[in-house]
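*Asks:* Let's see this in three dimensions:
(one chain, ligands or ions: 1)
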Amino acid sequence: MSIMYAYDVTTKDDYLIELAEKQSALLAFAVYPGVSLLHVFPVLRFLPAWFPGAGFKRHALKCRKIALEICDVPIDIVQKQINDGTAAKCVTVEFLETCQSKDGLAAITGAAASAYGAGADTTAASIKIFFQAMAMYPEVQCKAQKEIDAYIGSERLVSFDDRSSLPYVEALFREVMQWRPVAPLSFSHANSSDDTYKGCFIPKGTTIITNIWAMAHNPEKYLNPDVFNPDRFFNEKGQLNDDDVYYIFGFGRRICPGRHVASTTVWLAIVNVLQSFDIQKKRDSSGNEIPVDGGYTDGLTMYVPSLHTA
Ligand code: HEM
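*Replies:* Model (predicted):
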């Protein structure tokens, strides 16, 4: 929000955040083949919304309303700030100041909303997964904190320049991404021409789902993939291996364009929290630790249910 719109979120019930969360809740399952007859019989899209059985259409209209709000509300705020002379430096201000054509405005609005819609929730979900993992695996947390303390001490706060000097934190970051990839089935793609893969003919236009969850949990690549274990990212010489788990950001032309921002943001959140806090299990009234539910949701974006508000 601050990169795109110079908008600082200061409360938990921020309207724009609520919008992003509502959008992901609505889209969570709608995008996958099989959730509606419409995916099998596209002709059903011509049914009017009031028609019995056309619930998919009413759902789509709700999604559209929110998608348009996500586009328009923040850009209107920025426009107003530009007019008042109070706009701070951010991507949309930079663009809007140089381009005022109708097409340009539509492109800026769409690009900024893509980053906001696709980036806010995924980043937040990854950070929540980090909190869940630290509460479940205190020994991992302790090892990472020792690395930070040994390298940085307590005289200054950790910064992005320290990234390459903190290999265990890097491995922990990769493990957060691999243990619970927040976009487990990515976005659906379609092939633009006929193709044959391992003897299987795939006609042009076929919906192709990349199962990132299966890749991240492939036991041939990751021993005991359900156990949170950053050590899997070190080779026998004790150096970080070259598995940077970037497949969790998708593939090809449609690969996540926000992956560098995402990696930086999540890494910074992890390392700053680890340097300053201890994450512990909740305790009951007698002071006994309450076991952490290691559960997660499915859908377009994966969440830790106990930390999810939408
Ligand atoms: C941990 C955080 C994130 C994860 C795991 C993630 C993952 C993904 C994945 C798997 C895709 C689908 C790629 C494909 O179709 O092959 C995607 C698409 C996308 N992501 Fe991210 N993302 C994250 C954060 C962000 C951020 C911070 C931004 C923007 C600043 C962003 C913007 C986008 C956009 C615009 C698309 C759609 C690209 C297209 O369809 O052409 N994402 N992301």
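
*Asks:* Close to the ligand: what parts of this protein are there?
*Replies:* 114-115, 118-119, 122-123, 126, 182-183, 186-187, 189, 248-251, 254-258, 261-262, 266 (C-beta under 6 Å from any ligand atom). Using the backbone N, CA and C atoms, a C-beta is placed for each residue, glycine as well.

*Asks:* which of those count as buried?
*Replies:* Neighbour counting with 16 or more other C-beta atoms under 10 Å marks 115, 118-119, 122-123, 126, 182-183, 186, 189, 248-250, 256, 258, 262, 266 as buried within the residues of the chain next to the ligand.

*Asks:* Look up the pLDDT of the residue of the stretch 1-150 of the chain found nearest the ligand for me, please.
*Replies:* Ranked by C-beta to the nearest ligand atom, the top residue of the stretch 1-150 of the chain for proximity to the ligand is residue 119, at 2.8 Å. If you check residue 119, the pLDDT there is 86.

*Asks:* and it, which of the three is it?
*Replies:* Assigned with DSSP: H, G, I helix; E, B strand; the rest coil, residue 119 falls in the helix class.

*Asks:* who's in contact with it?
*Replies:* Residue 119 makes contact with 258, 261, 262 under the criterion C-beta atoms under 8 Å, 6 or more residues apart in numbering.

*Asks:* for those residues, which one is nearest the ligand?
*Replies:* When these are compared for distance to the ligand (C-beta to the nearest ligand atom), residue 258 wins out at 2.0 Å.

*Asks:* Quick check: chain neighbours aside, which residue is closest to that closest one?
*Replies:* If you skip the residues right next to it in sequence, residue 258 has residue 119 as its closest partner in space, 4.7 Å away by C-beta to C-beta, 6 or more residues apart in numbering.

*Asks:* how near is that neighbour to residue 74?
*Replies:* Plainly put, residue 119 is 13 Å away from residue 74 if you go by C-beta to C-beta, to the nearest Å.

*Asks:* about what we covered before: which ones among the buried ones among the residues of the chain next to the ligand map onto helices?
*Replies:* With helices identified by DSSP state H, the entries of these that belong to them are 115, 118, 119, 122, 123, 126, 262, 266.

*Asks:* CSV please, covering these and showing distance to residue 21.
*Replies:* Below are those laid out as CSV (distance: C-beta to C-beta, whole Å):
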residue, distance to residue 21
115, 16
118, 13
119, 13
122, 12
123, 13
126, 15
262, 18
266, 18
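
*Asks:* Which of the residues you listed sits closest to residue 154?
*Replies:* residue 266 (23.5 Å; C-beta to C-beta).

*Asks:* wait, that closest one sits on residue 173?
*Replies:* Yes: contact criterion C-beta atoms under 8 Å: residue 266 and residue 173 qualify, at 6.6 Å.

*Asks:* gap between residue 297 and residue 197?
*Replies:* If you measure residue 297 against residue 197 using C-beta to C-beta, the figure is 31 Å.

*Asks:* How are the strands of this protein distributed by residue range?
*Replies:* Counting by DSSP state E, residue ranges of the strands within the chain are 189-190, 195-197, 200-202, 207-208.

*Asks:* Output those as TSV; include the columns mean pLDDT.
*Replies:* Output for the strands of the chain, formatted as TSV (pLDDT from 0 to 100):
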stretch	mean pLDDT
strand 189-190	90
strand 195-197	95
strand 200-202	96
strand 207-208	90
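
*Asks:* so which of those strands gets nearest residue 31?
*Replies:* Shortest separation from residue 31 across those is recorded for strand 207-208, at 10.2 Å, computed as C-beta to C-beta.

*Asks:* Now find how far off-centre the closest one is within its chain.
*Replies:* Taking C-alpha atoms, centre = their mean, to the nearest Å, one finds the center of strand 207-208 at 21 Å from the center of the full chain.

*Asks:* Which elements pack onto that strand?
*Replies:* Helices and strands in packing contact with strand 207-208 are listed as strand 189-190; criterion 3 or more C-beta pairs under 8 Å, 6 or more residues apart in numbering; DSSP states H and E.

*Asks:* Neighbouring strands of the strand it packs on in the sheet, and parallel or not?
*Replies:* Strands adjacent to strand 189-190 in the sheet, as given by DSSP bridges, are strand 207-208 (antiparallel).

*Asks:* to the chain's geometric centre, what's the distance from the helix or strand of the chain with the lowest mean pLDDT?
*Replies:* Within the chain, no helix or strand scores below helix 15-30, which has a mean of 82 by mean pLDDT, DSSP states H and E. How far helix 15-30 lies from its chain's middle: 13 Å, per C-alpha atoms, centre = their mean.

*Asks:* With stretch 80-90 instead?
*Replies:* On C-alpha atoms, centre = their mean, the centre of stretch 80-90 falls 28 Å from that of its chain.

*Asks:* Report the mean per-residue pLDDT for that stretch.
*Replies:* Averaging the model's pLDDT scores along stretch 80-90 yields 91.

*Asks:* Many thanks, have a good one.
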